[in-house]
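A.B. asks: Sequence and predicted structure, then a few things I'm wondering about:
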Amino acid sequence: MSRRLLLALPAGLCLLAGLDAALLLLGLPAPVTTDRLPVVHGVLLVLGFVGTLVALERAVALRRTWGYLAPVLLGSGGLALLSPLPLGVGQAALVCGSLALGALYVPLYLRGRDDAVVVQALGAALATGGALLWATGVPVPDVLPWLAGFIVLTIVGERLELARVVLLARGTVDTVLALCLALVVGVTAGVLWPAVGTPLLGAALLGIVGWLTVHDVARRTVRSTGLPRFMAVCLLAGYAWLAAAGATWFVLGRVGEGPAYDAVVHAVFLGFTLSMIMAHAPVILPAVLTVRLPYHPVMLLPAGLLHASLVVRVVGGDAWGLPGAHTAGGALNVVAVLLFVVVAAASAVRGTRGRAPRTVPATPLGTTSAVHT
């Protein structure tokens, strides 16, 4: 088993634990029942799962041994949250891991003076701020915009890197950089002045979605076939959910509970984040873990179920208040994620039985240049 795969295992455990916690929060039977799981649910999935994978990808791109400190700390922090250790142990590890992730971007930026790296470094700064706020007792609803900003800026940086195939003008890049800075300002201002900061965050998200919709190559590759089309469909669907979250924050301001809160949280962290993960998994995982993950049309099934179940949960349950829609949609959310894991694992097994794994060169951001979508 490769060392990179070992480093990714804590992320997988955090994902499974987060899905278990989701069932508990829905009031449904779950394999594991602890008092702590529902409390750490959101941070576990964002920093323990997504954060570890992002940090591992960046460490692979950096190609320096010290870079692996970030995924180790983030993964360890997630596992500590699941253990009987004091909550502060896991919180401290997540803060240190987020700081280490931010440090990764310094040599990556110096390597190519890349605007995309700057955007992702801003995301790491928000991850660090969110981890610090949570460790000091700030309520999770006030921490989640920081974690949302981390994921959004990480993805935007990656898409900005791939958008170079269309030779973006300097002014176009400056526009998205300004929108990303507005997002950072909105998130930070939301701590003290939520009436101002949260609508600004929502407006920035809407602007970012508009920029991505116009300039992302997915708008063209959606008319292609196979893997490029699958990735493009997942990306565009994810942008739609991010726009829904941005519109909610822009119109309603801070939402800390109730249907609007549930809708925003799951539009960002399921509709956008998991759709991005599904889109990029066939390209990034082979480069990071040196495991082939051939595309198969069956991958459309969990992706479609994810978005359909979110419609049931967010529109039917949160917006319309239909009895049982929230719970049914949430349960199907979990099924969709688990189904994608199974499909991806089966694809990886099928890939290892085929031709030998091919080393895919990584870009400075850790993405692969094999498929531009």
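C.D. replies: That came in fine, so what should we check first?
A.B. asks: Residue 175 contacts residue 211, doesn't it?
C.D. replies: Yes - here residue 175 reaches residue 211: they are 6.4 Å apart, a contact under C-beta atoms under 8 Å. In short, each C-beta sits where N, CA and C put it, glycine included.
A.B. asks: more crowded one of these two?
C.D. replies: residue 211 (22 against 17; other C-beta atoms under 10 Å).
A.B. asks: Return the residues in contact with the more buried one.
C.D. replies: Contacts of residue 211 were listed using C-beta atoms under 8 Å, 6 or more residues apart in numbering, and they are 175, 176, 179.
A.B. asks: Touching, residue 158 and residue 123? I think so.
C.D. replies: No - taking C-beta under 8 Å as the definition, residue 158 is not a contact partner of residue 123, at 10.1 Å.
A.B. asks: Which one's more surrounded, these two?
C.D. replies: Comparing residue 158 with residue 123 by other C-beta under 10 Å, the one with more neighbours is residue 123, at 27 against 22.
A.B. asks: Quick check: that one touching residue 153?
C.D. replies: Yes - using C-beta under 8 Å, residue 123 is in contact with residue 153, at 3.2 Å.
A.B. asks: what's near enough to touch residue 88?
C.D. replies: residue 135.
A.B. asks: and the next element down the chain from the helix or strand encompassing it?
C.D. replies: Using DSSP states H and E, residue 88 falls within helix 87-112. Scanning forward in sequence from helix 87-112 by DSSP H and E, the next helix or strand is helix 115-135.
A.B. asks: Mind giving me the packing neighbours of that following helix?
C.D. replies: helix 37-43, helix 87-112, helix 140-162, helix 170-192 (3 or more C-beta pairs under 8 Å, 6 or more residues apart in numbering; DSSP states H and E).
A.B. asks: Let me have those in JSON lines, adding mean pLDDT and distance to residue 10 as columns.
C.D. replies: What follows is the helices and strands packed on helix 115-135, written out as JSON lines (pLDDT from 0 to 100; distance: least, C-beta to C-beta, whole Å):
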{"stretch": "helix 37-43", "mean pLDDT": "93", "distance to residue 10": "14"}
{"stretch": "helix 87-112", "mean pLDDT": "96", "distance to residue 10": "11"}
{"stretch": "helix 140-162", "mean pLDDT": "93", "distance to residue 10": "18"}
{"stretch": "helix 170-192", "mean pLDDT": "92", "distance to residue 10": "26"}
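A.B. asks: The ones you listed: which one's closest to residue 307?
C.D. replies: With C-beta to C-beta as the criterion, residue 307 lies closest to helix 140-162 of those, at 16.8 Å.
A.B. asks: Scan the helices and strands of this structure for the one with the lowest mean pLDDT.
C.D. replies: helix 218-221 (a mean of 86; mean pLDDT, DSSP states H and E).
A.B. asks: and that one, which residues are buried?
C.D. replies: 218, 219, 221 (16 or more other C-beta atoms under 10 Å).
A.B. asks: Tell me how far the closest residue in space to the second one that isn't next to it in sequence lies from residue 304.
C.D. replies: Excluding its sequence neighbours, the residue lying closest to residue 219 (C-beta to C-beta, 6 or more residues apart in numbering) is residue 213, at 6.7 Å. Separation of residue 213 from residue 304 (C-beta to C-beta, to the nearest Å) stands at 21 Å.
A.B. asks: And for residue 314?
C.D. replies: 16 Å.
A.B. asks: Show me which of these two is the more surrounded one.
C.D. replies: Neighbour count, other C-beta under 10 Å: between residue 314 and residue 304, residue 314 has more, with 27 against 14.
A.B. asks: Is it correct that that one falls within a helix?
C.D. replies: Yes - assignment of residue 314 by DSSP: H, G, I helix; E, B strand; the rest coil places it within a helix.
A.B. asks: What confidence value was assigned to it?
C.D. replies: In this prediction, residue 314 carries a pLDDT score of 94.
A.B. asks: dump the residue contacts of it.
C.D. replies: Per C-beta under 8 Å, 6+ apart, neighbours of residue 314: 244, 262, 263, 266, 267, 271, 329.
A.B. asks: List buried residues within those residues.
C.D. replies: 244, 262, 263, 266, 267, 271, 329.
A.B. asks: quick one: which of the residues you listed is nearest residue 94?
C.D. replies: Closest to residue 94 out of the buried ones among the contacts of residue 314 is residue 266 (21.7 Å), distances taken as C-beta to C-beta.
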